[in-house]
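# Sequence plus predicted model, see below.
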Amino acid sequence: MAAVPSPAPCLRPLRAVAFDTGGVITDSARSRAAAWEQASDARPPEREAQRPRRASAPSTTAPNCSMSPVRDGLGLPGRPDPALLGEVARSLHVPVPETAVVEDSLAGVEAGRHGGFGLVVAVTGTEGPGGAADRGRRGADDVVSDPGELLSGMDD
């Protein structure tokens, strides 16, 4: 039977982890762009004006490929403002300093740092501007190429 992975030492004192799912957990940029293109082609032009009022899904900072990002519907500003990440911690009933942020964008790393999160991890395995050095300078406590590195087996 395979051993169950445990959190890396850097995560053990924390109670929650907020992942940016687009680009960190899944390579969503291409499939999301294709889906939006297909949906856009299928909609009659007169419905275009109604689209912003129905927008309620969390957005990502992954490249938007000529589409407008959709925010969470709570009226919170986008990153690098830490408000959305703070709302994630609050919804989990975990104080921000006891929450880690795992992000692939420079704006997300900045949001985690400015928001006072206990740990900010930058993931560099996705395409986009800024390399590991930029992410470190923007406030990442650790830089990894894959979020799987946050499980045991990562160098202590």
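Now that the structure is in, tell me what you want to look at.

# quick one: the strands in the chain?
Counting by DSSP state E, the chain has strands at residues 16-19, 99-103, 119-123, 142-144.

# What mean pLDDT does the third one get?
The average pLDDT within strand 119-123 is 90.

# repeat for the shortest one
Across strand 142-144, the average pLDDT comes to 87.

# Who are the packing partners of that strand?
Where contact means 3 or more Cβ pairs under 8 Å, 6 or more residues apart in numbering; DSSP states H and E, strand 142-144 is packed against strand 119-123, helix 132-137. In this view, the C-beta of every residue, glycine as well, is placed from N, C-alpha and C.

# and P13, what pLDDT?
pLDDT, P13: 83.

# And for it, the neighbour number?
11 (other Cβ atoms under 10 Å).

# Look up the closest residue to it, ignoring the ones flanking it.
G118 (7.4 Å; Cβ to Cβ, 6 or more residues apart in numbering).

# pLDDT weak spots in the chain?
Low-confidence segments of the chain, defined by pLDDT under 70, span residues 1-5, 21-73, 125-137, 152-156.

# What segments of it are helices?
29-42, 51-54, 83-91, 106-114, 132-137 (DSSP state H).

# buried sites along the fourth one?
Looking back up the chat, that one is helix 106-114. Neighbour-count burial for helix 106-114, with 16 or more other Cβ atoms under 10 Å as criterion, is recorded at 106-114.

# With distance to L76 as extra columns, can I get the strands of the chain in TSV?
Formatted as TSV, those follow (distance: least, Cβ to Cβ, whole Å):
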stretch	distance to L76
strand 16-19	14
strand 99-103	15
strand 119-123	19
strand 142-144	26
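
# Any chance of the buried residues of helix 106-114 in JSON lines with distance to V144 as columns?
Listed next are the buried residues of helix 106-114 as JSON lines, based on distance: Cβ to Cβ, whole Å:
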{"residue": "L106", "distance to V144": "15"}
{"residue": "A107", "distance to V144": "18"}
{"residue": "G108", "distance to V144": "14"}
{"residue": "V109", "distance to V144": "12"}
{"residue": "E110", "distance to V144": "18"}
{"residue": "A111", "distance to V144": "18"}
{"residue": "G112", "distance to V144": "14"}
{"residue": "R113", "distance to V144": "16"}
{"residue": "H114", "distance to V144": "21"}
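
# Okay then, goodbye and thanks.
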